[in-house]
Structure formats: C-alpha cells, structure tokens
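Q: Whatever this is, show me its structure:
(one chain, ligands or ions: 3)
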Amino acid sequence: MVDAAPQQAIPDAKEAPFSPLLELVGVSKLFAFSGGFLRRRKTFLHAVDDVSLKIPRGGSLGLVGESGCGKTTLARLVLRLLEPSSGTITFHDLDKGPVDIATLKGRQLKAFRLQAQMVFQDPYQSINPRFTVYDAVAEPMAVQGIGNVVERRDRVSEMLELVGMSPAAGFLFRYPHQLSGGQRQRVAIARALVLGPSLVVADEPTSMLDVSVRAGVMKLMNDLRRELGIGYLYITHDLATARYMCDRIAVMYMGKIVEVGDTEELLRDPKHPYTKALLSAVPVPDPSHRRPPVEIKGTLTAPVDPLDRCRFYDRCPMAIDFCKAAPHPELESKGDGRLAACYRV
Ligand SMILES: Nc1ncnc2c1ncn2[C@@H]1O[C@H](COP(=O)(O)OP(=O)(O)OP(=O)(O)O)[C@@H](O)[C@H]1O
Ligand code: SF4
Ligand SMILES: [Mg+2]
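A: Ligands and ions are numbered 1, 2, ... in the order given. Predicted structure coming up:
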C-alpha cells in the first residue's frame, strides 16, 4: 500500500503492514525572483509548498496534476538534484536505516545515488547521444567504481535482457539514434536499474513515446517493480496511466497536494473539487459511468507569493465565503485512507 500523510499522524489511515521507503514532511521549494523598482523586491514562486507524502517499500505512488503544478520540482527534490527550502525528506536505507536526504554530502550522497534513480520523459535527457548502449547503461557502475570490464559487460547484458532488448549482444554497441523511441526508453530504464535501486522516480516516462509502444513500456515498468520490489514515484498528467501504474495517487495543484487515496477509490469517488474537475475532463466510454462536467473557472497561474488561502479558491466551483477568509486547508484524513485538503468535503 502506498500512503501519504499530513504533518500530524493520520488518525484513521488504513492499517496495513507498512515498511517505509520514502517520507516527505512539510517539504517546500521556493524559487526567488527579483522584481519591482530596480529589481529590489524579491518575489517567490512556491513551486512545491508544504508537501507531506509517504511511499512504502515496493509501492507505487502516482503524482498527478496539470503542467506547472510542481511535479518535476518535487521529483528533483526527492533525488536531491535540488535542495528543499524547508522540510525533511527521509529515505529508509535497508542497511543504514533512515537518512535525511537534505543533509547528504560527498560519499553519503554517492551511496544514496545507488538507491534512487530517475527515468526521464525524454530518454535523451539520460542518454548521451555519443554513448553506445553499453556506455550508457554501464556509466552508473563506472561512476560508482563497481565491477571490472567483464563484470560490467555481463551486468549490462543482463539488464538489456531484463528490459526486453534481446539478444543483448545485438544492441550493446548501437547508438541512441539507431534505436526506436521505445528501445531508447528501455535503455534508459536499464540504466536506471543497473545499480539495483530501491526507489525509481519516473517523470512522464511514456508521454513522448508513440501510442503503439507506450503500453509495452508501461507493462515492463510494472513487471519490473513487482519482480524487483522497487518503489515508484510515478509522475503523469494522465489518469489512465496513473490507474495502470499506481497503487495510490496524489493530486497536486499549484505546489500543494490536494488529495491522496487508493487509486481505484480515488478515481471512483473523488472528494476534492479539483480532482472532480480533472476526472470529469477524462472521456469515459460507458455512458452510465459518465460524470457531470465540472466547470473550473479561469486558468492555472504560477503560485508567486500566493495568498494564504485555499490555492484552488479562484477557480473552485464549490468555494464559499469562508474559504476566502480561511488559510489554505490542511491535508486531512477523510476516512478509509483518503486525505483531502478542502473545508467542504
Ligand atoms: N529552476 C527553476 N527556477 C525558477 N522556476 C522554476 C524552476 N523550475 C521550475 N520552476 C517553476 O516551478 C513551477 C513548477 O514547475 P515544474 O517543472 O515542477 O512543473 P511540472 O508539474 O513538472 O510541469 P509539466 O507537467 O509541464 O512538466 C513552474 O511554474 C516552473 O516555471
Ligand atoms: S476549501 Fe473552499 S475553495 Fe478550497 S477547494 Fe474546498 S471548497 Fe473549494
Ligand atoms: Mg514536469
């Protein structure tokens, strides 16, 4: 089970054996801009704002939301490619116990990189076009100083077979431009898994692929998660993809997590007005399951120095006067493991 928590303990979250892998508590990332007369005034874009989430070992949490809501920034924080402005990100290492990612430096940070890897939307982001497949997949081992030449070649071949590039010998010395989009993403997955990580952050890994190869790559990622017991933070703006890939879904809006729940339950019975709007925009083939359209006003704007009130207030069809005066609602338990940040649900 994948869980996500507010800053306080969740009183009635579903009881389940929970072996934590990753826990975020109150994590924020602010980007500063200079503005005003002589650019003296600093303004802050709250890209990720007070986010608390948990991913158990081997679980898959989907992070869903519109473009610009902060998904990639959160992914980069989790992998310590960015430092949080505040909050803690705890990674539970099986050997070393809990480690605070924000404080890692030098050798400890290098050791963390053995455990946590990323699959990007565009495989060219992770594969140097001048590298052969062998170079690309073996590079993390070289960086970590793992194995000799023979061991690396054997491991790379094993990984290529694992991601369905068989026989591996036929691919080892090809260049990315000699591969199809699906094959390139499979190489990126092999590279991400070569060090045996326990956490993979996947940022829209299939959205740039042809529809015809998407399902195959998604199935591969699902099978690998089950076989290898890897935990996923799976970013997508597509709810159908999240449904296939994730045990639980966290919905993000303007830097805030507004709802979290078990995938099927959340899709069947969304609580937060924003989740309802997202779902009502998805076409459903069966007319008896069609939802009434939920109109949201206006457009998504960047949260620059946002007012301390509900982030969704300006667009919310359920907003009342109370929401205007009150602070942004906490993400609270709504029973059965569901969490939502709304005064009206
Ligand atoms: N390095 C940066 N400096 C300043 N602003 C940034 C930086 N990185 C991201 N942002 C801003 O933070 C906000 C969140 O961006 P982010 O890339 O995390 O969104 P996203 O949800 O991944 O969007 P998309 O679905 O388009 O990939 C955006 O307004 C973006 O412009
Ligand atoms: S708190 Fe109010 S404005 Fe915010 S989502 Fe709920 S009803 Fe809408
Ligand atoms: Mg992104």
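Q: Okay, Lys219 and Val194: tell me how far apart.
A: To Val194, Lys219 is 20 Å away according to Cβ to Cβ, to the nearest Å. For every residue, glycine as well, the C-beta is placed using N, CA and C.
Q: what does the stretch 101-250 of the chain put close to ligand 1?
A: His237 (Cβ under 6 Å from any ligand atom).
Q: State which one residue of the stretch 101-250 of the chain is found closest to ligand 1.
A: Per Cβ to the nearest ligand atom, His237 is where the stretch 101-250 of the chain lies closest to ligand 1, at 5.7 Å.
Q: The stretch 201-345 of the chain too?
A: For the stretch 201-345 of the chain, Cβ to the nearest ligand atom, closest residue to ligand 1: Ala302, 4.1 Å.
Q: residues in contact with that residue?
A: By Cβ atoms under 8 Å, 6 or more residues apart in numbering, the contact list for Ala302 reads 45, 68, 254.
Q: Regarding it, which helix or strand does it belong to?
A: Element membership for Ala302, per DSSP states H and E: none, as it lies in no helix or strand.
Q: That one and Arg41, how far apart?
A: 17 Å.
Q: same thing with Pro129?
A: 42 Å.
Q: Equivalent analysis for Gly68, please.
A: Plainly put, Gly68 is 23 Å away from Arg41 if you go by Cβ to Cβ.
Q: Could you check which of these two has the larger neighbour count?
A: The neighbour comparison of Gly68 against Arg41 (other Cβ atoms under 10 Å) goes to Gly68, with 16 against 11.
Q: Now the helix or strand bottoming out on mean pLDDT in the chain - C-alpha only, CSV.
A: Ranked by mean pLDDT, DSSP states H and E, the weakest helix or strand in the chain is helix 123-126, scoring a mean of 78. Provided in CSV are the C-alpha atoms of helix 123-126 (Å, rounded to 0.1, in the frame of the first residue of the first chain):
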residue,chain,number,x,y,z
PRO,A,123,15.5,9.4,-22.9
TYR,A,124,18.0,11.9,-24.5
GLN,A,125,18.0,13.6,-21.1
SER,A,126,19.6,10.5,-19.5
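Q: helices or strands up against it?
A: Secondary-structure packing of helix 123-126 (3 or more Cβ pairs under 8 Å, 6 or more residues apart in numbering; DSSP states H and E): helix 181-193.
Q: check contacts around Glu259.
A: For Glu259, the contact set (Cβ under 8 Å, 6+ apart) comprises 250-251, 266, 270-272, 274-275, 338-341.
Q: Kindly recompute the last result at 10 Å.
A: 4, 64, 249-253, 266, 270-276, 278, 331, 334, 338-342, 345 (Cβ atoms under 10 Å, 6 or more residues apart in numbering).
Q: Cross the residues you listed against strands and list the overlap.
A: Residues of the contacts of Glu259 located in strands (DSSP state E): 64, 249-253, 339-340.
Q: Quick one: the strands in this structure, in order.
A: Counting by DSSP E, the strands of the chain are 20-35, 41-56, 60-64, 86-93, 97-100, 116-119, 199-203, 231-236, 248-253, 256-262, 332-333, 339-340.
Q: Can you lay out the contacts of Ala302 as JSON lines showing pLDDT and distance to Arg311?
A: Output for the contacts of Ala302, formatted as JSON lines (pLDDT from 0 to 100; distance: Cβ to Cβ, whole Å):
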{"residue": "Leu45", "pLDDT": "96", "distance to Arg311": "13"}
{"residue": "Gly68", "pLDDT": "94", "distance to Arg311": "13"}
{"residue": "Met254", "pLDDT": "97", "distance to Arg311": "4"}
